[in-house]
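Asker: Below: sequence and its predicted model.
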Amino acid sequence: MILVLVEVSPAGEAVETSREAVTLARELSAAGGGVPIDAVVVGTPHDALVGVLASYGVRRVHALTGSAYDSFAGAAWAAGLLDVRERAGSVVVMAAGTPRGNEVLAHVGARTGVPMAANVISFGGLSPFTVTRQVVGGAALEEMRLSQRPAIFTVAGHAVQAAPADAAGAGELVVEKPDIADADLVARVVSTDEPEPDLSGALKSARVVVGAGRGAGSADGFGDLLELAELLDAPLGVSRVVTSLGWRPHHEQVGQTGSRISPDLYIPCGISGAIQHWAGCSTAKAILAINTDPDAPMVTKATHAVIGDLHEVIPAINAEIRRRRA
Ligand SMILES: Cc1cc2nc3c(=O)[nH]c(=O)nc-3n(C[C@H](O)[C@H](O)[C@H](O)COP(=O)(O)OP(=O)(O)OC[C@H]3O[C@@H](n4cnc5c(N)ncnc54)[C@H](O)[C@@H]3O)c2cc1C
């Protein structure tokens, strides 16, 4: 059996990254000749949540209940997951590659003495059991063999498209109340602040993104870049230097510590292409780099490049777009 930890939103829905993990679990299931997939959720789920998981092919939904699950405690979640796993005998334990998913499965790995693979993007086959995962903040990929059981791994966000199964699972709800040791509750969430609104949504889903880096020169150097963005109906994505200097707001940052984008076209202007920036844009389908330096990493990795001063190149592009549209 394949066991997938499914995270639930405050609205009681299975979060997208968890549905992506279940979608990938179906590939493993098919490779194993139809191995059943069970989900573990924390708290008593609504019927609608159980129904959605059934539509993703889940056979059973194990709900971890009891006061130990009133707030997040990574060790307690891992203990509950292992309790279900030991009774049901699962050979694979998966979760979404979220901070919680990675923390809980790291506990599972430590308790079982089995290595855990974080941020897997694809499954390569059963014999040997092989996965490909992101490393160095997403800048490189590593193929990894998981020879011990259970195979333990998390699935990188948006590496897989979440999709319901052709044939729904039974979606049977099983309420669990595992005994959780006090030691597993030592590190737990005791209070939470309201999160700041996420303003980066348009950037993450955009088909075209105009990028801007230190080459913009100053906070006043973005006029032409913003005009290009408007002409292309594209959001602006910037490097960390730009946000650190206070030239543009943080929600526009692309990279390891910003948004990860996968547009059809990324136009990084005056961005060197440091590994931490590349981590956020390497999955763009095409890159048109504009830079004065022909040896900048962004230029050498780009699909196309214009070598020149962005303050001359961008106004020329804008003028040409306006001319053609006139
Ligand atoms: C832990 C950690 C996390 C990080 N996370 C991120 C992250 O999420 N995102 C991120 O972006 N960075 C991140 N960084 C920072 C990263 O290492 C780089 O410092 C940053 O990406 C560089 O920004 P830049 O390309 O704008 O500036 P620079 O590296 O200074 O490059 C400027 C580029 O502009 C070109 N240029 C200059 N003038 C012009 C002009 N007039 N016209 C055209 N081109 C011009 C130059 O040739 C150069 O290539 C992180 C760093 C660390 C240590």
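Answerer: All right, it came through fine.
Asker: ok, and does the helix or strand of the chain at the bottom of the mean pLDDT ranking reach over to the ligand?
Answerer: Here the helix or strand of the chain ranked lowest by mean pLDDT, DSSP states H and E is helix 201-205, holding a mean of 84. No: shown here: helix 201-205 not in contact with the ligand (Cβ under 6 Å from any ligand atom), separated by at least 12.3 Å. C-betas here are computed from N, CA, C, even on glycine.
Asker: from the chain's centre, how far out does that helix sit?
Answerer: Relative to the mean C-alpha coordinate of its chain, helix 201-205 is positioned 13 Å out (Cα atoms, centre = their mean, to the nearest Å).
Asker: What are the contacting residues of it?
Answerer: Contact with helix 201-205 is made by 209, 235, 237, 251, 252, 254, 259, 260, 261, as judged by Cβ atoms under 8 Å, 6 or more residues apart in numbering.
Asker: After that helix, which helix or strand is next?
Answerer: Per DSSP states H and E, the first helix or strand lying C-terminal to helix 201-205 is strand 208-212.
Asker: now for the following helix or strand past that next one, which elements pack on it?
Answerer: Sequence-wise, the next helix or strand downstream of strand 208-212 (DSSP H and E) is helix 223-231. When contacts are defined as 3 or more Cβ pairs under 8 Å, 6 or more residues apart in numbering; DSSP states H and E, helix 223-231 packs onto strand 208-212, strand 236-238, helix 310-325.
Asker: which is the next helix or strand following the second one?
Answerer: Downstream of strand 236-238, the next assigned helix or strand under DSSP H and E is helix 240-244.
Asker: Distance from the chain centre to that next one, please.
Answerer: 22 Å.
Asker: strands paired with whatever helix or strand comes next after it, and their directions?
Answerer: In the C-terminal direction, the helix or strand that comes right after helix 240-244 (DSSP H and E) is strand 265-269. Sheet pairing for strand 265-269, assigned by DSSP bridges, gives strand 208-212 (parallel), strand 286-291 (parallel).
Asker: mind listing what residue 18 touches?
Answerer: Counting by Cβ under 8 Å, 6+ apart, residue 18 makes contact with 4, 5, 6, 7, 95, 96, 101.
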